[in-house]
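Engineer: Structure, please.
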Amino acid sequence: MATKQPRRPQYRPSLINVPAYDYGVYHFSFVERLAYAALAAVVAGFVGYLFFGGLAQVDGEPTTATHVLDAIVIVVPAFFGARAFLRIRAEQLRRAKLQVLQTQFRDMLDSLVGSLSAGGTVIQGFQLARDDLERQHSPNAPIVQELNLLIAGFHNNIRIEDMLHDLGERSAHPDIESFANVFKIAYLRGADMKLAVTNCHQVLSEKMQIGADIETGLAASKNEAFIMVVIPVILVALLKSGGGTFAEGLRSPVGVLCTAVAVAMFIGAFALARRIMTIRI
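Structural biologist: Prediction:
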């Protein structure tokens, strides 16, 4: 019997045994988990009741079976909807924090290039970059915290290239990992560090610009995908609130089957659209 893998911690020891943030995962706080789960449960429960509520009525009057089925069509979607939304939202927040780190990492390279161009040493370049980014962002910015670790590691006889490699592993970002590898090779072989850092900065800036252009181009498509899911809910809510035979038709066996198929198709289409529009550069 396979044993359950322990949950990956949000912080893990760095090379100087100081807790360092792991950008490969995102764990909710208690308040965040409660708020997101409650929001998703309410929305999913409402949608479930909207599409499948009021079944097993007799002469238009609810029966015991109606109440039982209503509870099922509320609780089951609420449970699975909350679980799915928590997983999706955690990945969104993880990517958002990693995007912030990537942007600030580019700013760090920009400052590092300027320092190396002025004739400073590598460690002086990182120290000046840290000071610049504190003013540009804040002392609590992710890249500032990472530079604090790197500089502290240097003063504790930990090689700079090893500290950068640790950052690349924790970030799980290909550009940061690539820079760490290039930096290690160039630094150990005595290459022109200004040229190496400048080339990495140029490549990262170009990739980020391409990514921004792609996101701008996909913005309309993402909005259309969201509207595609919301519109059926609004239409069904309007038609059911208007009374008439439409609501009765949805409660028939054929109506329930058609509704289930339609809901499954909309969910599948939305999931497929998200997958197609998730482009990694």
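Engineer: pLDDT on whatever helix or strand Asn199 lives in, on average?
Structural biologist: In the assignment (DSSP states H and E), Asn199 maps to helix 193-241. Per-residue pLDDT values across helix 193-241 average out to 81.
Engineer: Which residue ranges of the chain form strands?
Structural biologist: Shown for the chain, the strands assigned by DSSP state E span residues 11-13, 19-21.
Engineer: And the residue of the chain positioned farthest from its centre, what's its pLDDT?
Structural biologist: Within the chain, the residue lying farthest from the chain centre (CA atoms, centre = their mean) is Asp59, at 48.9 Å. Predicted confidence (pLDDT) for Asp59: 72.
Engineer: for the protein, what spans make up the helices?
Structural biologist: Using DSSP state H, the helices of the chain run over residues 30-52, 64-117, 122-136, 142-155, 160-171, 174-188, 193-241, 245-251, 253-276.
Engineer: between those, which one is nearest to Pro13?
Structural biologist: Set against Pro13 and scored by CB to CB, the helices of the chain come closest in helix 160-171, at 9.8 Å. Yep, even glycine has a C-beta here, placed from its N, CA and C like the rest.
Engineer: Distance from the chain centre to that closest one, please.
Structural biologist: 22 Å (CA atoms, centre = their mean, to the nearest Å).
Engineer: thinking again about what came up before, mind checking how far the residue farthest from the centre of the chain is from Glu177?
Structural biologist: When distance is defined by CB to CB, to the nearest Å, Asp59 is 68 Å away from Glu177.
Engineer: Look up how far Arg33 lies from the spatially most central residue of the chain.
Structural biologist: Nearest residue to the geometric centre of the chain (CA atoms, centre = their mean): Gln92, 1.9 Å. According to CB to CB, Gln92 and Arg33 sit 14 Å apart.
Engineer: quick one on the thing from earlier: could you look over the strands of the chain and pick the most buried one?
Structural biologist: By mean neighbour count, with neighbours taken as mean count of other CB atoms under 10 Å, strand 19-21 ranks first of the strands of the chain at a mean of 17.
Engineer: Counting by contacts, list what it packs against.
Structural biologist: Contacts defined by 3 or more CB pairs under 8 Å, 6 or more residues apart in numbering; DSSP states H and E place strand 19-21 against strand 11-13, helix 142-155, helix 160-171.
Engineer: what about that strand, distance to the chain center?
Structural biologist: Per CA atoms, centre = their mean, the centroid offset for strand 19-21 relative to its chain is 19 Å.
Engineer: ditto for stretch 103-118
Structural biologist: For stretch 103-118, the distance to the chain centre is 27 Å (CA atoms, centre = their mean).
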